[in-house]
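**Student:** next come a sequence and a model predicted from it.
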Amino acid sequence: MFAIWYLFDEDDESYLSKIINNLAKKYDAPSFTPHVTAYGLVNVDLKILDQKILESIPEVQSFIVERSRINFSNNFWKSFFVEILLNKNFIKINDNLTKKLSKFSKYSFSPHISLIYKHLEQSQKQFLTKSIDIKKNFRITGMGIQEFSQNIDKWKLVKSYHFNEI
């Protein structure tokens, strides 16, 4: 199974990795590569997935995404996260991916950057929401195919795509 991720430029990846790693250390949780899931859990051959992604992102240029708010849920995969505003690039790419991949799996796109995957107490999540400061904008410079595992430590990017620079 694979997930398709949006990936950040080097500076934003480093910025987000520091936050993720600090939270992982503080709460004994796994570290992971910062990302926004573009399309989740597709059970298809990697070569087919690669082709579908290439068809979905022709001539895409890197773009800026904007933070909406910091939030949390009881869903493990959205334990504590930064909500990202939808924009025309997300909508266009998601429409293309949905056309190409919906026969393999359905996915409801809700752009966010997870900061920790951990079952935390409600009070801990509320504290984090009030105490963490996250910058407003991030640059998306590409996409990647992540080989999914229930064990986050086994996640790995198996393919990446770089958008054209503006």
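**Tutor:** Looks like it came in fine. Residues are numbered from 1 along each chain as shown.
**Student:** look up phi and psi at the most centrally placed residue in the chain.
**Tutor:** What sits nearest the mean C-alpha location of the chain, by Cα atoms, centre = their mean, is Val36, with 1.8 Å. With angles defined as degrees, to the nearest 10, Val36 sits at phi -120, psi 120.
**Student:** ok, Ser108 next?
**Tutor:** Dihedral angles for Ser108 - degrees, to the nearest 10 - are phi -100, psi 110.
**Student:** quick one: the closest residue to Glu13 other than its chain neighbours and Leu7, what's the gap?
**Tutor:** Leaving out its chain neighbours, the residue that sits closest to Glu13 by Cβ to Cβ, 6 or more residues apart in numbering is Pro34, at 5.5 Å. Where you see a C-beta, it was placed from the backbone N, CA and C, and this is true even at glycine. Look at Pro34 and Leu7: by Cβ to Cβ, to the nearest Å, they are 8 Å apart.
**Student:** quick one, helices of the protein?
**Tutor:** 10-27, 46-56, 88-101, 122-131 (DSSP state H).
**Student:** and those as TSV, adding mean pLDDT and distance to Asn151?
**Tutor:** Shown next, in TSV, are those (pLDDT from 0 to 100; distance: least, Cβ to Cβ, whole Å):
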stretch	mean pLDDT	distance to Asn151
helix 10-27	97	14
helix 46-56	93	19
helix 88-101	95	24
helix 122-131	93	23
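**Student:** want to throw those into CSV with distance to Phe2 and mean neighbour count?
**Tutor:** Below are these laid out as CSV (distance: least, Cβ to Cβ, whole Å; neighbours: other Cβ atoms under 10 Å):
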stretch, distance to Phe2, mean neighbour count
helix 10-27, 20, 15
helix 46-56, 6, 16
helix 88-101, 10, 16
helix 122-131, 29, 12
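**Student:** among the ones you listed, which is nearest Lys156?
**Tutor:** Nearest of the helices of the chain to Lys156, taken as Cβ to Cβ: helix 46-56 at 12.2 Å.
**Student:** packing partners for the closest one?
**Tutor:** Contacts defined by 3 or more Cβ pairs under 8 Å, 6 or more residues apart in numbering; DSSP states H and E place helix 46-56 against strand 2-8, helix 88-101, strand 137-147, strand 156-162.
**Student:** pipe the ones you listed into a markdown table and attach distance to Glu121 per row.
**Tutor:** Listed next are the helices and strands packed on helix 46-56 as a markdown table, based on distance: least, Cβ to Cβ, whole Å:
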| stretch | distance to Glu121 |
| --- | --- |
| strand 2-8 | 27 |
| helix 88-101 | 32 |
| strand 137-147 | 28 |
| strand 156-162 | 31 |
